[in-house]
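Q: The sequence isn't on hand, but the structure is:
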């Protein structure tokens, strides 16, 4: 069970979760402008994240998000549910496919997940994520461990 403000959709957990408990799905938009801002902030100006021709030259369908940006957005959903970014103690993510960002519309990243297990001492929970974009899997395996 999660608590929070039902008028804002705040999904923050305030108690010990149980295995199988969902964290609540979220849809997040990513635009080309987001990619430009992330490139400037991170220093990662790889053209596959900024230029369709460069991305296609490498066999991609078009501009794709930075993997670290995609990861951060998904981890942020778990962090919010867990009560803050300081609750995230570990992550393990394998990518299954890119997030393609069209020039004229945002990509929509759908982040969903559930508690997989609680540690033996009850101090942490492993949250398994299912992340998709346009119905395609983005992460093959994604576990975010949070302090509880």
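A: Looks like it arrived, so ask away. It should be emphasised that the depicted structure is a prediction, and the values quoted were computed from it without experimental measurement.

Q: Please work out the average pLDDT along the helix or strand hosting residue 27.
A: Element membership for residue 27, per DSSP states H and E: strand 26-30. For strand 26-30, the mean per-residue pLDDT is 98.

Q: Tell me the strands beside that strand, with direction?
A: Sheet pairing for strand 26-30, assigned by DSSP bridges, gives strand 107-118 (antiparallel).

Q: Let me know the angle separating the helix or strand that the strand it pairs with is followed by from strand 107-118.
A: Scanning forward in sequence from strand 107-118 by DSSP H and E, the next helix or strand is strand 124-133. Orientation note: strand 124-133 sits at an angle of 160 degrees relative to strand 107-118 (axes from the mean of the first three to the mean of the last three C-alpha atoms, to 10 degrees).

Q: So what touches strand 124-133?
A: The contact list for strand 124-133, computed with C-beta atoms under 8 Å, 6 or more residues apart in numbering, reads 17, 23, 70, 74, 77-78, 81-82, 89, 93, 97, 99-100, 107-119, 137-139, 142-148. In short, each C-beta sits where N, CA and C put it, glycine included.

Q: what are the ranges of the helices in the protein?
A: Using DSSP state H, the helices of the chain run over 32-42, 52-57, 67-82.

Q: what's the distance between the shortest one and the middle of its chain?
A: To tie it back to what came earlier, the one meant is helix 52-57. Centroid displacement of helix 52-57 relative to its chain, using C-alpha atoms, centre = their mean, to the nearest Å, is 25 Å.

Q: Tabulate the helices of the chain in a markdown table, adding columns for mean neighbour count and distance to residue 133.
A: Shown next, in a markdown table, are the helices of the chain (neighbours: other C-beta atoms under 10 Å; distance: least, C-beta to C-beta, whole Å):
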| stretch | mean neighbour count | distance to residue 133 |
| --- | --- | --- |
| helix 32-42 | 14 | 14 |
| helix 52-57 | 14 | 15 |
| helix 67-82 | 20 | 9 |
